[in-house]
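Engineer: Sequence and computational prediction follow.
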Amino acid sequence: MAEIEKEKRRGAILRHLAETTGDQLSLDMLKIGCGAMGIPSNIDQVENAVVWLSEQGLAEMNKLGHMKTARLLPDGREVVEGLRTIRGILDPMAKG
């Protein structure tokens, strides 16, 4: 069950980034967004998810002063649009 939650968190982060002007959000905003989608997350879980997405070439983490942000990359947009499937990412609205 914990693995499914991780996979949904990754999907939720990509979705939130794709729906944001500029494709970039702070990790704090992503934490709030995950919670709003029914995926309770602490900041460490969000950061770990963004690191994982970065390793897959789907997003990147940046630092603006003391604030960490995530930015969607083109391959990540393809995942959100359903053009690419990546093992380890689930649609946050999927059942199960």
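Structural biologist: Looks like it came in fine.
Engineer: Show me the shaky parts of this structure.
Structural biologist: Along the chain, the model assigns pLDDT under 70 to residues 94-96.
Engineer: which residues of it fall in helices?
Structural biologist: Using DSSP state H, the helices of the chain run over residues 2-18, 27-36, 43-55, 74-80.
Engineer: buried residues in the last one?
Structural biologist: Right, the one you point to is helix 74-80. Buried positions in helix 74-80, judged by neighbour count with 16 or more other CB atoms under 10 Å: Gly76, Arg77, Val79, Val80. Backbone N, C-alpha and C define where each C-beta goes, glycine included.
Engineer: shouldn't the first one be in contact with Trp52?
Structural biologist: Read that as Gly76. No: counting by CB atoms under 8 Å, Gly76 stays clear of Trp52, with 11.7 Å between them.
Engineer: quick one on the thing from earlier: return the most buried member of the helices of the chain.
Structural biologist: helix 2-18 (a mean of 21; mean count of other CB atoms under 10 Å).
Engineer: between that one and helix 43-55, how many degrees?
Structural biologist: 70 degrees (axes from the mean of the first three to the mean of the last three CA atoms, to 10 degrees).
Engineer: returning to what we had before: indicate which one of the helices of the chain is closest to Met67.
Structural biologist: helix 27-36 (7.6 Å; CB to CB).
Engineer: Spatially central, which residue of this structure would that be?
Structural biologist: The chain has Ile13 as the residue nearest its centroid, 2.1 Å off, counting by CA atoms, centre = their mean.
Engineer: mind checking how far that residue is from Gly88?
Structural biologist: Remark: distance between Ile13 and Gly88 (CB to CB, to the nearest Å) = 12 Å.
Engineer: Distance of the closest residue to Arg77 other than its chain neighbours relative to Asp75?
Structural biologist: Computed as CB to CB, 6 or more residues apart in numbering, the closest residue to Arg77 that is not its neighbour in sequence is Ala18, at 5.8 Å. Counting by CB to CB, the gap from Ala18 to Asp75 is 12 Å.
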